[in-house]
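K.L.:
Sequence below, structure please.
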Amino acid sequence: FNNSELNSLSSASYFTLPPTGNTMKLAILSLLLGSAAAFAPASQSGAVQKSALHETKADLEILARKLNPLVGFYDPLNLSDGNFWGTSNEATIGFIRHAEIKHGRVAMFAFVGYLAHANGFKFPWAMNMDGTPFPDNTNPPALWDQTSDDAKWQIFSVIGFLEVWSELSTPGNKHYMAGGRPGDFPDFVSGPEGLPHPVPFNFYDPFQLSKNKTAEQKERGLIVEINNGRLAMIGILGFLAAQECPGSVPFLTNLVQPYDGEVMAPFTQNYLGMAAGM
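P.N.:
Next comes the predicted model:
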């Protein structure tokens with residue numbers, strides 16, 4: 001399918017509020033299924049990329065009109081004309097497109113997770129090895145504060161591994177700044193050029209849901225993913241803003257619980273400050 005139809009720098013122009021009650025629980029399931037479908041692979045598993053992909057500002061302008069015809073191409077900071085780290089404009093476009101796709105995916109996870117916790121969904125088993133159950137708190141940021149540091153370190157370790165793996169360049173996956181596909185995640189391959197053991201599922205489309213989709217269906221799925229990611233970024237920041245500054249998001253007044261902690265602090269204990277003697 002057309003590699004230039006993946007991403008752009010224009011911003012979303014609308015945001016719909018999540019439903020409440022039973023409708024919200026149904027919305028969570030819909031979002032989970034929609035997000036999973038959006039993670040369709042950009043290439044067949046194991047396929048070797050034979051030609052480099054280099055996109056230009058003109059490609060972004062075309063994609064922007066498909067993503068949001070009302071807003072069109074919107075780049076107030078002129079990032080699409082940049083030349084980051086002395087590379088090239090094409091490499092810079094690859095970087096910023098990959099960054100938006102990645103942030104959109106993380107935001108979709110965060111948005112769905114926020115709705116799930118706010119509605120009291122939790123795993124039925126114990127959270128810790130000593131039998132400590134998952135907290136019953138329905139305030140997502142406060143619930144994160146109640147999570148043990150050991151659990152947080154495990155979460156960050158997995159994130160760190162995925163981040164390192166996503167930056168790899170392999171015969172089947174070129175780096176997004178060197179002609180690869182922005183947003184593409186390398187397959188989990190084993191052997192001399194991969195992991196020391198086999199992995200049954202890939203992180204990117206583990207169940208091969210898009211294997212038989214047409215090029216047009218894949219292209220539309222990527223458009224949907226970008227737009228959903230933009231809305232999710234607006235949505236999760238809106239939730240947190242409404243919690244930290246009650247009244248700052250009028251549509252969320254009385255819908256979210258206030259929070260007086262630090263939403264940007266991963267730990268309640270300032271480990272970096274302790275190391276610096278603060």
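
K.L.:
okay, now the closest residue to Ala142 other than its chain neighbours: neighbour count?
P.N.:
Spatial nearest neighbour of Ala142, chain neighbours left out: Tyr259 (6.0 Å); criterion: Cβ to Cβ, 6 or more residues apart in numbering. C-beta: built from backbone N, CA, C; applies to glycine. Using other Cβ atoms under 10 Å, Tyr259 has 18 neighbouring residues.

K.L.:
didn't Tyr259 look like it was pressed against Ala242?
P.N.:
No. If you go by Cβ atoms under 8 Å, Tyr259 and Ala242 don't touch, sitting 9.4 Å apart.

K.L.:
need the helices for the protein, in chain order.
P.N.:
Secondary structure of the chain (DSSP state H): helices at 21-38, 57-67, 89-118, 140-146, 149-166, 215-244, 271-275.

K.L.:
hey, least reliable of those helices by pLDDT?
P.N.:
Within those, confidence is poorest for helix 21-38, with a mean of 43 (mean pLDDT).

K.L.:
And Phe201, what's its pLDDT?
P.N.:
Looking at Phe201, its pLDDT stands at 81.

K.L.:
residue contacts, it?
P.N.:
Phe201 sits next to Phe188, Phe207 when contact means Cβ atoms under 8 Å, 6 or more residues apart in numbering.

K.L.:
Now do it against Phe207, distance only.
P.N.:
Per Cβ to Cβ, to the nearest Å, Phe201 is found 8 Å from Phe207.

K.L.:
shared neighbours of those two, anything?
P.N.:
With Cβ under 8 Å, 6+ apart applied, the contact sets of Phe201 and Phe207 do not overlap.

K.L.:
still on that earlier bit, make JSON lines from the helices of the chain and add distance to Pro124 and mean neighbour count to it.
P.N.:
Listed next are the helices of the chain as JSON lines, based on distance: least, Cβ to Cβ, whole Å; neighbours: other Cβ atoms under 10 Å:
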{"stretch": "helix 21-38", "distance to Pro124": "16", "mean neighbour count": "14"}
{"stretch": "helix 57-67", "distance to Pro124": "40", "mean neighbour count": "18"}
{"stretch": "helix 89-118", "distance to Pro124": "14", "mean neighbour count": "20"}
{"stretch": "helix 140-146", "distance to Pro124": "16", "mean neighbour count": "18"}
{"stretch": "helix 149-166", "distance to Pro124": "16", "mean neighbour count": "12"}
{"stretch": "helix 215-244", "distance to Pro124": "26", "mean neighbour count": "19"}
{"stretch": "helix 271-275", "distance to Pro124": "31", "mean neighbour count": "9"}
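
K.L.:
For Met129, which of those helices is the nearest?
P.N.:
Comparison of the helices of the chain against Met129 by Cβ to Cβ identifies helix 149-166 as nearest, at 9.1 Å.

K.L.:
and that closest one with helix 89-118, angle?
P.N.:
Interaxial angle, helix 149-166 versus helix 89-118 (axes from the mean of the first three to the mean of the last three Cα atoms, to 10 degrees): 150 degrees.

K.L.:
circling back to that earlier point, tabulate the helices of the chain (JSON lines), appending distance to Ala178.
P.N.:
Output for these, formatted as JSON lines (distance: least, Cβ to Cβ, whole Å):
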{"stretch": "helix 21-38", "distance to Ala178": "25"}
{"stretch": "helix 57-67", "distance to Ala178": "17"}
{"stretch": "helix 89-118", "distance to Ala178": "7"}
{"stretch": "helix 140-146", "distance to Ala178": "36"}
{"stretch": "helix 149-166", "distance to Ala178": "14"}
{"stretch": "helix 215-244", "distance to Ala178": "21"}
{"stretch": "helix 271-275", "distance to Ala178": "33"}
